[in-house]
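Participant: Model the following, please.
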Amino acid sequence: MATMSSPLRVCRGILKELRVMQGPSYKESLAYSYVMDQFRKNKVTGERYCRAQQEAHHDSHTYLCLLESTRNHLYLHNLYHSKGERSQEEAAGLVGLRLPTQPGGKGWEK
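Facilitator: Have a look, this model is predicted:
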């Protein structure tokens, strides 16, 4: 299993994703309050080291991955599926291709 980043880095990543989704007023949201409460509740001290804390860290890391993946999915969905029907030139350009040209300079016609 790959090593997980520190809990502080995961917390900052989750808060960054909340800020991207909700804008500058993200600190007033219930999600922000919940995330901060959970991180404060599961903070490790020198006297306590238990499986529940490791599970909470793993859960938070998984939640950060979900938020980042959802944002990336929405970006890609809007990039490739938001325009409806495309012309042949646009569809070819999306995947980095060009349509062949006819001798005499005219492009490929329907």
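
Participant: Stretch 12-31 - what's its average pLDDT?
Facilitator: Looking at stretch 12-31 alone, the average pLDDT works out to 90.

Participant: Could you list the low-pLDDT ranges of the chain?
Facilitator: Scanning the chain with the threshold set as pLDDT under 70 gives 1-4, 44-53, 82-83, 105-110.

Participant: give me phi/psi at L18?
Facilitator: Dihedral pair for L18: phi -60, psi -40, per degrees, to the nearest 10.

Participant: burial count for it?
Facilitator: When neighbours are counted by other Cβ atoms under 10 Å, L18 registers 17. No exception for glycine: its C-beta is placed from N, CA and C like everyone else's.

Participant: separation between the nearest residue to it once chain neighbours are set aside and S60?
Facilitator: Counting by Cβ to Cβ, 6 or more residues apart in numbering, the nearest residue to L18 once its immediate chain neighbours are dropped is Y26, at 4.6 Å. Here the criterion is Cβ to Cβ, to the nearest Å. By it, Y26 lies 17 Å from S60.

Participant: Looking at those two now, which is surrounded by more residues?
Facilitator: Counted by other Cβ under 10 Å, Y26 and S60 do not tie: S60 has more neighbours, with 20 against 16.
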